[in-house]
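Student: sequence unknown, structure follows:
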């Protein structure tokens, strides 16, 4: 797969995951829109990373990492990080690792 094809595949997966995530909340009347960075942070949260680990991985400050997580929680009307993990898996943004 070429770099262009890989990039297109990543974009399609992101759009698919976004659409699934946006439609999860039946109580939410407006469509939820996460930025590409927020989807990336959500996937890292679902992978079990702390705010400091996310910051190091993305080369951003821990404060910026906390801000991203806080905005995602607000946009998705989630109670906490644990609910974000559930939403990420239910939406298909991340998949369980199988050995």
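Tutor: Cool, got the structure. Keep in mind that this is a model prediction, so the values were computed, not measured.
Student: which regions of this structure sit below the pLDDT cut-off?
Tutor: 1-31, 98-99 (pLDDT under 70).
Student: which residues does the residue nearest to residue 73 when sequence neighbours are not counted contact?
Tutor: Nearest residue to residue 73, sequence neighbours excluded (CB to CB, 6 or more residues apart in numbering): residue 84, at 6.4 Å. Using the backbone N, CA and C atoms, a C-beta is placed for each residue, glycine as well. Counting by CB atoms under 8 Å, 6 or more residues apart in numbering, residue 84 makes contact with 42, 45, 46, 69, 72, 73, 76, 78.
Student: Spell out the secondary structure type for residue 67.
Tutor: Recorded secondary structure, residue 67: helix (DSSP: H, G, I helix; E, B strand; the rest coil).
Student: Going by neighbour count, which of the contacts of residue 84 comes out on top?
Tutor: residue 42 (27 neighbours; other CB atoms under 10 Å).
Student: give me every residue that touches residue 52.
Tutor: By CB under 8 Å, 6+ apart, the residues touching residue 52 are 62, 65.
Student: Phi and psi next, for it.
Tutor: The phi and psi values for residue 52, taken as degrees, to the nearest 10, are phi -70, psi -40.
Student: Now for the residue lying closest to residue 61 once chain neighbours are set aside, how many residues are close by?
Tutor: Spatially, and ignoring its direct neighbours in sequence, residue 61 is nearest to residue 55 (6.0 Å; CB to CB, 6+ apart). Residues contacting residue 55 under the criterion other CB under 10 Å number 20.
Student: circling back to that earlier point, so which of the contacts of residue 84 comes closest to residue 94?
Tutor: The shortest gap between residue 94 and any of these belongs to residue 46, at 4.5 Å (CB to CB).
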